[in-house]
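# just a sequence and a predicted model for now, questions to come.
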Amino acid sequence: MPEAEPAGILEALERFERPLLRFAATIAGPEAARDAVQDVFLELCREPWDKVRGHLAPWLFTVCRNKAISQRRKNKRHNDVEDSDVIDEPERVPDQAFERKEAETRISKAMAGLNARDREVVALKFAGGLSYKEIAEVTKLSVSHVGVILHEALKKVRDKLAVEDDVVLEGRRA
């Protein structure tokens, strides 16, 4: 069986490295995410290219999920994703960096109220950029169930953020 094609590996690295890092960080934390994603691409190098061609994204995210869970188990002190700036490029303007960090913190807190499955589906969609079909392949759920989970999870997050906004506005009026 032929191993993965070098051109395909480079293309996969360019296209999926950052989304995989963001997704792995939601599971294992930013530091462990790097190790998990490195392991994903090492495994891709050993994998027969015919096995992954045609469904590369779901394969990468499934392997990444498993590697990130293993990393989390190895290093339990990195359970929370609080510093995504480790992965993302720093903002050029300090005010933008502060506002972005504040928004990420609010969203992370709102998402903490979701169950693990819902958080994973949301992370696959937004951190990973996967389609509903690809998410279904990774999670072994139906495409329609993925849609329902995303709809309900995002409604819960929006509602929680709206409540926080109302509390802040009422605090300013007082």
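Perfect, I can see it now.
# how about residue 39: what's its closest non-neighbour residue?
If the residues on either side of it in the chain are set aside, residue 39 comes closest to residue 67, at 4.7 Å by Cβ to Cβ, 6 or more residues apart in numbering. Placement of C-beta: from N, CA and C, glycine included.
# touching, the one you found and residue 40? I think so.
Yes. The pair residue 67 / residue 40 is scored as a contact, 5.7 Å apart, by Cβ atoms under 8 Å.
# report how many residues lie close to the residue nearest to residue 39.
Using other Cβ atoms under 10 Å, residue 67 is surrounded by 24 other residues.
# again, but for residue 99
12.
# can you check the one 3 residues further on too?
Applying other Cβ under 10 Å, we find 10 residues neighbouring residue 102.
# that one: which element?
When elements are assigned from DSSP states H and E, residue 102 belongs to helix 94-112.
# name the residues of that helix that come out as buried.
104, 110-111 (16 or more other Cβ atoms under 10 Å).
# please enumerate the shared neighbours of residue 67 and residue 40.
Listed contacts common to residue 67 and residue 40 are nil; contacts here mean Cβ atoms under 8 Å, 6 or more residues apart in numbering.
# so in the chain, where's the weakest helix or strand by average pLDDT?
Every helix and strand of the chain was ranked by mean pLDDT, DSSP states H and E. The lowest is helix 94-112, at a mean of 76.
# for it, name the packing helices and strands.
helix 143-173 (3 or more Cβ pairs under 8 Å, 6 or more residues apart in numbering; DSSP states H and E).
# can I get the CA coordinates of stretch 107-116 in PDB?
What follows is stretch 107-116, C-alpha atoms only, in PDB (Å, rounded to 0.1, in the frame of the first residue of the first chain):
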ATOM      1  CA  ILE A 107     -18.200  32.700  24.800                       C
ATOM      2  CA  SER A 108     -16.000  30.100  26.600                       C
ATOM      3  CA  LYS A 109     -18.000  30.700  29.800                       C
ATOM      4  CA  ALA A 110     -21.300  30.400  27.900                       C
ATOM      5  CA  MET A 111     -20.200  27.200  26.200                       C
ATOM      6  CA  ALA A 112     -19.100  25.700  29.500                       C
ATOM      7  CA  GLY A 113     -22.800  25.300  30.200                       C
ATOM      8  CA  LEU A 114     -23.100  22.900  27.300                       C
ATOM      9  CA  ASN A 115     -22.600  19.200  27.600                       C
ATOM     10  CA  ALA A 116     -19.500  17.600  26.200                       C
END
